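# Give me a 3D structure for the following:
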Amino acid sequence: MAAPVPPGAPRPGFNPPPPPNYNPSFQRNPDSLADNMQNLHINRLHSMPNSAPTRPPPPFGQSPSPFPPSATPSSAFPGVAPVSQHGPSPGALARPMMPPSGPPQTTLPPNVAPGRPSGPPGAQPSPFASRPHPGSLSSSMAGPVVPPSGSPPAPPPGAFPSSGFSSGPLVPPPFGARPGAFGSSPLTTGSVVPPSSAPGTMSNGPPVFASGALAGGPYFPSAGSLQQPPVGPPSTMMSTRGPTQALSMRSFIGSAPASAPLGPPGQPAPPFSAAPQGIPPPPGSPYGSQAWPMQPRQVAPPPQIPGSVQPPRMFGMPPPHLPNQSMAAIPPAMGQTGTPMAGPSKIDPNQIPRPVPSSTVILHETRQGNQANPPPPATSEYIVRDTGNCSPRYMRCTINQIPCTVDLLTTSGMQLALLVQPLAIPHPSEEPIQIVDFGESGPVRCSRCKGYINPFMKFIDQGRRFICNLCGFTDETPRDYHCNLGPDGRRRDADERPELCRGTVEFVATKEYMVRDPMPAVFFFLIDVSMNALQTGATAAACSAISQVIADLPEGPRTMVGIATFDSTIHFYNLKRALQQPLMLIVPDVQDVYTPLQTDVIVQLSECRQHLDLLLENIPTMFQNNRTAESAFGAAIKAAFLAMKSTGGKLLVFQSVLPSVGIGALSAREAEGRTNISAGEKEAHKLLQPADKTLKTMAIEFAEYQVCVDIFITTQTYVDIASISVIPRTTGGQVYYYYPFSALSDPAKLYNDLRWNVTRPQGFEAVMRVRCSQGLQVQEYSGNFCKRIPTDVDLPGIDCDKTIMVSLKHDDKLQDGSECSFQCALLYTTVYGQRRIRVTTLSLPCTSMLSNLFRSADLDTQFACFLKQVASEIPSSPLLQVREQVTNLCINILHSYRKFCATVSSSGQLILPEALKLLPLYNLALTKSTGLRTDGRIDDRSFWINYVSSLSTPSAIPLVYPRMIAIHDLNSKEGDGSLIPPVIPLSSEHLSDEGVYLLENGEDGLIYIGNSTDPDILRQLFGISAVDEIPTQFVLQQYDNPLSKKLNDVVNEIRRQRCSYLRLKLCKKGDSSGMLFLSYMVEDKTPSGVSYVEFLVHIHRQIQSKMP
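Numbering: from 1, shown residues only. Predicted structure coming up:
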């Protein structure tokens, strides 16, 4: 009889499956794209500012290119010549022939499989069982208790009191950065960028569609110099003087922990190559395993106040105040102190709170000294060391201390929620997620609540039993998992087992977690060939994009593809190799659809490459004389689903016109709403709801059979996105929107979006559940998914960009000083057919003090959650009501802080908590955003609502408060060495009629040209000699002059950071395009809302009216 095998050890005769499809930890031949670029590690919505040691830090979280201007990686596939590619691809990444295999580079305990897993879970019975009755929760960790803060009268102008205990030296703001009005740690908006897809020279001109392997890698800046975020004294902010009292603002000054320097990681390839090729990539894989250089006291803990326990401070948050510690008040900016000024209130607009660019890389340890470290801002650049809590990339909470009671939470006015992004891409310098294989027994779990083993489960009785940190139940430790405890009460092997010392691990799933064999990777392309799609060039653009990305699909026998076209009928294609050419099979019945020859419609990619290429090349010609204007969209996706039903997979649909015949046919509701103006205004929000339930019913069936639908809308007319988007939202997909579609400028973005869609880290047939400690429970999930039972979220597709909001509520009182745990379990299948469980655990202290809630508030997460809530309410509530709700949220939070946490000598002061000082600005920007404006197109608003539903935390703020820079004087912007010029506030006061400005929000880029712009600048940048010559359709070209080159460099840098091929549009003053640009000047007074200064005054008055 064979000897028993301990859990996690390799089983005799068992060849473990290859590591997951995107494991960043392996480094082999640096020239082999197939080996080291299989896992795209970029977090599309995270800002990663660079601080290269040789250059001054760039403003606003920008990153210099990781390669010198003349160096880009050459094609990494042997035998494939590098090809000049039109435009950079946001996610260019070639997958290996087979998953990589080989010895791991990190030393792991016997039960840990090398590498990092990835893939989605599927539906399974018991593992996600319902939670049991509440039991006793053993609190093993004491939470922090912070003394209340006091605040004496404001000091005179120029006097700055101590900012509390500092854990590191203060670093002055970077050169060129606007001084922080409140001396807080700077907030940046930006996003991490995907790897390069263009190995050849960069062309921003008309598309050159070429096939070939494209080298790519995630774009992360060097972590060569890590230091503490700049913290400085506040500048004079505002003076509001009326006949009776002076209104001023004040903010508390905080200091951030100092971070130790970290060795520079291997430089990844840029996602958008803009340089000539021929220079090999730097040695070392961008995803090579990084040794974590341990520095003595990387983050110094705050000094202790006698008799109290203090939590570590957040980056840029105020330190705990001593009872008599003074706090800085912002003195009046204008006028003699004590002398009332006649006339209206005055505020210095240059001193009000605005985002301040961050130029430092933060080294973040998730726990220190057995306490949770609050995370850095989501929009900053940080490198995480997982020391028990998960990385904030995977899960963030709106408040980093949990209120003990529901009353305390209600009083604060804030919401308690998690934002979960389970497959988010880590920074290349971070350690990879470890795979743990427990063998046939599966991972150790609580027998009552089914929570997974994690660092916060407490072992007792010499390790023979453990107490669940989620439900408090005591379980027997499995015999083969037993280990004695050390003097500190921890298991002696805790630091060797990832599941006992890391906040995020991935378990190999056993048969218990499968209801069928893991599904293959199926990609089915469905193309609109109606008359409108052909005439606008949308069909040709779709075929060209698909033919190029076919080479990037995961190779091997498990990858299956299918293709169909549709107008008023559906056309399938038999792609069997035995046929001399693809055979068209027409389905004319669009009311009761079927799939012909099901087995031959979806075939192995390796068997049909030639047929696919031939077919995609011929489709635009085959249908060029098509005069059918109708679209049977609903019938076509139903027929494609029937073909995919037995396997599941990704259905990628290219749609150009309103679905008008067959199942799910729609009418032009927008036109009907316009003709009946009175009814349209009264119930305009109903046009943002689906027309009927037909498509929703279909979508639920798609989700049940693990079919994920992505829709690329290439249109010039109304297509009723409110109805169509139900399908991607229910199946874990997303909507891409190109309006008005231009055959000149949009094919490049279409190709880049499609490529990132199929190459980014993702998984199939997933199930997700979030569990939390006793006293809290999950109230609601929000995002792109299907939910058939209350506790679980079904995700036919899940990828690194998708975020799910989890709203929490109290069902009992929590104990002050204890910790509350949250655990997200995602069961999924990788693209290589491996079943995995990604477990992410976060433990936060509980508090009964209101001041602690405000001190530990996470603005980025709170705003992202509020943005999602507002988006979900727009279709069901009148717009005025929603906008009022946005304003009231801000007023209620600041009123609570003013009333209960601030001691102030004058009611004329508007007091903003340091952590939430930008809340008024972002809330004002939200009320003026596309979703809440009355003057926008219905489809534009529907797309905005849909886009927000799965938006990640770092992308939320840039969406409503975009970045604006001047580009007319790029030649004079020498000195600081950064590619991106300083950021300009979103106010028309900062626009010059002689200037040219670029504004971008991560999706779109608008270039504004003033009426008096120097003709020489116009010639250099755009090849035109007068403002009147501005083209309506614009493709950025690179001309032979330094200014044009710098503009191209800036645009490509932004594309890298945003992981998006921005759609560029030229805008000029005086016409509709200029009005579009000015609508983003959210700090101005506009028809859609008040100015920023007026909004602050309004909020202050509302707070005053609520005060006793």
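
# C-alpha from now on. contacts and neighbour counts both.
Will do.

# Could you pick out the longest strand of this protein?
In the chain, assigned by DSSP state E, the strand with the most residues is strand 835-847.

# tell me what that strand is packed against?
Judged by 3 or more Cα pairs under 8 Å, 6 or more residues apart in numbering; DSSP states H and E, strand 835-847 is in contact with strand 371-372, strand 402-403, strand 504-508, strand 819-829.

# could you give the mean pLDDT of it?
The average pLDDT within strand 835-847 is 98.

# Let me know the next secondary structure element after that strand.
helix 850-855 (DSSP states H and E).

# rewinding a little: neighbouring strands of the longest strand of the chain in the sheet, and parallel or not?
Strand 835-847 pairs in its sheet with strand 402-403 (parallel), strand 504-508 (antiparallel), strand 819-829 (antiparallel), by DSSP bridges.

# Can I get these in TSV including mean pLDDT, mean neighbour count and distance to Ile570?
Converted to TSV, the strands paired with strand 835-847 look like this (pLDDT from 0 to 100; neighbours: other Cα atoms under 10 Å; distance: least, Cα to Cα, whole Å):
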stretch	mean pLDDT	mean neighbour count	distance to Ile570
strand 402-403	98	28	54
strand 504-508	98	27	41
strand 819-829	97	27	31
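
# With distance to Asp720 as added columns, please give the helices and strands packed on strand 835-847 in a markdown table.
A markdown table is the format used below for those (distance: least, Cα to Cα, whole Å):
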| stretch | distance to Asp720 |
| --- | --- |
| strand 371-372 | 46 |
| strand 402-403 | 42 |
| strand 504-508 | 40 |
| strand 819-829 | 32 |
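
# and Ser821, what does it touch?
Neighbour list for Ser821: Asn469, Leu470, Cys772, Ser773, Thr841, Leu842, Ser843, Leu844 [criterion: Cα atoms under 8 Å, 6 or more residues apart in numbering].

# can you count the residues close to the fifth one?
Counted with other Cα atoms under 10 Å, residues neighbouring Thr841 total 27.

# With adjacent residues omitted, what lies nearest to it?
Closest residue to Thr841 apart from its sequence neighbours, by Cα to Cα, 6 or more residues apart in numbering: Gln823 at 4.4 Å.

# Let me know the distance separating the one you found from Val770.
6 Å (Cα to Cα, to the nearest Å).

# Look up phi and psi at the closest residue to Glu1003 other than its chain neighbours.
Once flanking residues are discounted, Glu1003 sits nearest to Leu1062: 5.4 Å by Cα to Cα, 6+ apart. The phi and psi values for Leu1062, taken as degrees, to the nearest 10, are phi -50, psi 140.

# buried stuff in the longest helix anywhere in the chain?
Criterion DSSP state H: the longest helix present in the chain is helix 879-900. Buried positions in helix 879-900, judged by neighbour count with 16 or more other Cα atoms under 10 Å: 879, 882-883, 886-898.

# Arg937: which of those residues is nearest?
Checking those against Arg937 by Cα to Cα gives Leu879 as the nearest, at 14.2 Å.

# Kindly calculate the angle that the helix or strand where Val1097 lies makes with helix 879-900.
Val1097 is part of helix 1092-1106, with elements assigned from DSSP H and E. For helix 1092-1106 against helix 879-900, the angle by axes from the mean of the first three to the mean of the last three Cα atoms, to 10 degrees is 60 degrees.

# List the buried residues in helix 1092-1106.
Here helix 1092-1106 shows Tyr1092, Val1093, Glu1094, Phe1095, Leu1096, Val1097, Ile1099, His1100, Arg1101, Ile1103, Gln1104 as buried, counting by 16+ other Cα under 10 Å.

# Take those residues and lay them out in JSON lines including distance to Val758.
Shown next, in JSON lines, are the buried residues of helix 1092-1106 (distance: Cα to Cα, whole Å):
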{"residue": "Tyr1092", "distance to Val758": "41"}
{"residue": "Val1093", "distance to Val758": "45"}
{"residue": "Glu1094", "distance to Val758": "46"}
{"residue": "Phe1095", "distance to Val758": "44"}
{"residue": "Leu1096", "distance to Val758": "45"}
{"residue": "Val1097", "distance to Val758": "48"}
{"residue": "Ile1099", "distance to Val758": "46"}
{"residue": "His1100", "distance to Val758": "49"}
{"residue": "Arg1101", "distance to Val758": "51"}
{"residue": "Ile1103", "distance to Val758": "50"}
{"residue": "Gln1104", "distance to Val758": "53"}
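
# which intervals of the stretch 851-1000 of the chain have sub-threshold pLDDT?
Within the stretch 851-1000 of the chain, the set of residues satisfying pLDDT under 70 comprises 904-907, 973-977.

# Surely Phe641 touches Phe702?
Yes - counting by Cα atoms under 8 Å, Phe641 touches Phe702, with 6.9 Å between them.

# From Thr569, how far out is Arg627?
13 Å.

# out of those two, which sits in the busier spot?
Between Arg627 and Thr569, counted using other Cα under 10 Å, the more crowded position is Thr569 (23 against 13).

# is it true that the more buried one touches Ile586?
Yes - taking contacts as Cα under 8 Å, Thr569 lies within contact range of Ile586: 7.1 Å.

# Out of the helices and strands packed on strand 835-847, which gets nearest to Ala743?
strand 819-829 (37.0 Å).

# What is the subsequent helix or strand relative to the longest helix of the chain?
Going down the chain from helix 879-900, the next helix or strand is strand 909-912, by DSSP H and E.

# other SSEs contacting that next one?
Packed against strand 909-912, as judged by 3+ Cα pairs under 8 Å, 6+ apart, are the following elements: strand 246-251, helix 879-900.

# What residues of it count as buried?
Those would be Gln909, Leu910, Ile911, Leu912, for strand 909-912 by 16+ other Cα under 10 Å.

# Am I right that Glu499 sits in a helix?
Yes - assessed by DSSP: H, G, I helix; E, B strand; the rest coil, Glu499 belongs to a helix.

# Report the secondary structure state of the closest residue to it other than its chain neighbours.
Leaving aside its sequence neighbours, Glu499 sits nearest to Asn454 (Cα to Cα, 6+ apart; 5.3 Å). Under three-state DSSP, Asn454 falls in the coil class.

# tell me the pLDDT at Asn454?
98.

# quick one: low-confidence ranges for the chain?
The low-confidence ranges in the chain, as defined by pLDDT under 70, are 1-347, 359, 597-599, 672-684, 904-907, 973-977.

# give me that answer again for 80
The model of the chain has pLDDT under 80 over residues 1-351, 357-360, 577-581, 595-599, 670-685, 903-909, 972-978, 1057, 1088.

# Show the contacting residues for Gln734.
Here Gln734 is in contact with Val709, Asp710, Ile711, Ser725, Pro728, Asn784, Asn946, Tyr947 (criterion: Cα under 8 Å, 6+ apart).

# Straight-line length of stretch 1086-1100, end to end?
First-to-last residue span, stretch 1086-1100, Cα to Cα: 20 Å.

# so where do the helices sit in the stretch 501-650 of the chain?
531-535, 538-549, 598-601, 605-622, 633-644 (DSSP state H, counting those that start in this stretch).

# and the gap between the nearest residue to Ile435 once chain neighbours are set aside and Gly1089?
Spatial nearest neighbour of Ile435, chain neighbours left out: Glu506 (4.8 Å); criterion: Cα to Cα, 6+ apart. For Glu506, the distance to Gly1089 equals 48 Å [Cα to Cα].
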